[in-house]
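S.K.: 3D model of this:
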Amino acid sequence: MFLFADRVEAEIEKKVIEAFEVFDHECNKTVDVREIGSIVRSLGCYPTEAELQELLAEIEEEEPTGYIHLEKFIPVMRKVLLERRGPILKEYINNENKCGYLTKEQLVKYMTEEGEPFTQEEMEDMLSAALDPETNIIRYKDYITLMIADDA
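M.R.: Numbers count the residues shown, from 1 in each chain. Now for the predicted structure:
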């Protein structure tokens, strides 16, 4: 997997664990199922009640115990947060030039000025994966496919 995708996944996992631990009152890597909505909202997602129930259906044990385990929560929330990142980037791309793509310079500016800046090595790795060598642009649909690709 590409270095930038690894970094994004590591950052997301760290945030998920931190949010989970706030509600893990027993420090045993489990939380009460009723806390999941609060954890998800603390991560910046605001699901409807139906969406929250779908999320719980993915996370809960076959025989519900009333508790959610961290190791089951992380992959589901990683997927949710990666999908959420896509619309944010799409909005940025569409606001920037209304064409659904970014130039190399625009992407470098975005990735070095928003959030935690990328290192030179990470930026080069990302550009080698995302940049179309013929046009020197990054198309949103191609880029987001790289970002949310399931590496399973």
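S.K.: May I see the buried residues of stretch 26-43?
M.R.: Along stretch 26-43, the positions that meet the burial threshold by neighbour count (16 or more other Cβ atoms under 10 Å) are 30-31, 35-37, 39-40, 43. In this view, the C-beta of every residue, glycine as well, is placed from N, C-alpha and C.
S.K.: Next step: the residues you listed restricted to strands.
M.R.: With strands defined by DSSP state E, the entries of the buried residues of stretch 26-43 inside them are 30-31.
S.K.: Helix, strand or coil: sort out His25 for me.
M.R.: In three-state terms, and counting by DSSP: H, G, I helix; E, B strand; the rest coil, His25 is coil.
S.K.: separation between it and Ala50?
M.R.: Distance, His25 to Ala50, by Cβ to Cβ, to the nearest Å: 28 Å.
S.K.: Then Glu21?
M.R.: Shown here: Glu21 relative to Ala50, a distance of 27 Å by Cβ to Cβ.
S.K.: Of these two, which one has the most company?
M.R.: A count of neighbours by other Cβ atoms under 10 Å puts Glu21 above the other of Glu21 and Ala50, at 14 against 8.
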